[in-house]
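**Q** Structure here, sequence nowhere to be found:
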Ligand SMILES: Cc1ncc(COP(=O)(O)O)c(C=O)c1O
């Protein structure tokens, strides 16, 4: 049957890690493996009311086809959200997407020809690699430190290769949890201008800041329309409604919209109506603060448990927001090879290697703290700490 598949389909393979993590969904296993928001953050009761009212107000419209750009009232709400994020924009600069994951896939369609170079953080978001890969780009990984992508490394790449765009997740990055400093955000934009490349700024977590205010996005410093900004309601309302957006220069938006038409015509009308109504009824800041409060205690619990139980040979990131902690184990430890045994001990994590498009660091792990309970975090981190201590002693 393989002969029927396209080259792209033949190249696609199931992720080994995903297969292992399926086992980790069995009851009783403490999983730091997923990247799921906590169901406790979902406004189920409020949404019940909103959904009924939406059907009463706009029932027929929610069931009809809509425009590819998305619902006008939701795009107007997003203009206001962008304003709170220090970006002055207008409705024609906004298009709704089916989650920001679709924004990533469309970015591949809009910009990437075979062998075009994409500069990305090392490590980077796994599903962005999968979204871009079908367009056959060359990924160039740029080293990071605790302040995000290193600008000396970026400049050395930009000066030696023709890069199409820089893909960056500046806020509480998935997977590393690190954030890019404001100076670096400005520097990245200056470099993008100097070498004439675009920036794809992927920002699903910016509002999940636990130790201070969110930082201004790179887009907020952009005066030429060089930055294409992607975001989503997935982390501040719920991912199941699959509603995200792109904020970009009008000429980019129109290409995204033309190519989105062929994908799904438009994002789910009902979700768009419900989210718009939700924020007409409930306060945006109140909703975001509720999610922040819930995750801040989980982040604190995870860092405290790690400090108490992880051996000092493991270097960890200390995220000031988002959903993930990143760990680097000593050289010689293969986190993927150890995962089945960790699962035997009833704890799962994600090995870091799939987050590198070219050169995996096999001694890395990603730990999610938004999904497990505080008790599970305390218990699971102790089990993992003891397990890693044993493995380090064997080196
Ligand atoms: C960095 C990053 N970009 C994009 C997404 C996709 O989000 P959405 O649910 O809006 O498709 C995620 C989801 O985890 C993410 O971590």
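**A** Thanks, I have it. Because the structure is a prediction, the values reported are computed rather than measured.

**Q** For the protein, which residue gets nearest to the ligand?
**A** At 2.6 Å from the ligand, residue 99 is the closest residue in the chain, using C-beta to the nearest ligand atom. From N, CA and C alone the C-beta is placed, and that goes for glycine too.

**Q** Go ahead and confirm that residue touches residue 239.
**A** Yes - with contact defined as C-beta atoms under 8 Å, residue 99 reaches residue 239; the gap is 7.1 Å.

**Q** between these two, what contacts are shared?
**A** Jointly contacting residue 99 and residue 239 under the rule C-beta atoms under 8 Å, 6 or more residues apart in numbering are residue 232.

**Q** neighbour count winner among the two?
**A** residue 99 (22 against 18; other C-beta atoms under 10 Å).

**Q** okay, the more buried one: pLDDT?
**A** On pLDDT, residue 99 comes in at 98.

**Q** Spit out the contact partners of it.
**A** 232, 234, 239, 242-244.

**Q** What about these, which are in strands?
**A** 232, 244 (DSSP state E).

**Q** Out of the contacts of residue 99, which end up buried?
**A** 232, 234, 239, 242-244 (16 or more other C-beta atoms under 10 Å).

**Q** Let's have those residues in a markdown table, adding pLDDT.
**A** Compiled in a markdown table, those are given as follows (pLDDT from 0 to 100):
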| residue | pLDDT |
| --- | --- |
| 232 | 98 |
| 234 | 97 |
| 239 | 96 |
| 242 | 98 |
| 243 | 98 |
| 244 | 98 |
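
**Q** which one of the residues you listed is nearest residue 45?
**A** residue 239 (18.3 Å; C-beta to C-beta).

**Q** Find the nearest non-adjacent residue to that closest one, please.
**A** Nearest in space to residue 239, with sequence neighbours left out and distances taken as C-beta to C-beta, 6 or more residues apart in numbering, is residue 37 at 6.3 Å.

**Q** which SS state does that neighbour fall under?
**A** coil (DSSP: H, G, I helix; E, B strand; the rest coil).

**Q** The contacts of residue 99 also near the ligand: which ones?
**A** Among the contacts of residue 99, the ones lying near the ligand by C-beta under 6 Å from any ligand atom are 232, 234, 239, 244.

**Q** and this protein, which of its residues are near the ligand?
**A** Checking the chain against the ligand by C-beta under 6 Å from any ligand atom, the hits are 35, 99-101, 125, 169, 174, 202, 204, 232, 234, 239, 244.

**Q** and these, which of them are in helices?
**A** 99-101 (DSSP state H).

**Q** Dump those residues into CSV; add distance to residue 181 as well.
**A** Shown next, in CSV, are these (distance: C-beta to C-beta, whole Å):
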residue, distance to residue 181
99, 28
100, 23
101, 27
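
**Q** ok, these vs residue 212, which is closest?
**A** The closest of those, once distances to residue 212 are taken by C-beta to C-beta, is residue 100, at 23.9 Å.

**Q** and that closest one, what is it in contact with?
**A** Residue 100 touches 202, 204, 230-232, 234, 244-245, counting by C-beta under 8 Å, 6+ apart.

**Q** swap in residue 122?
**A** 141-144, 356, 359.

**Q** Many thanks, we can stop here.
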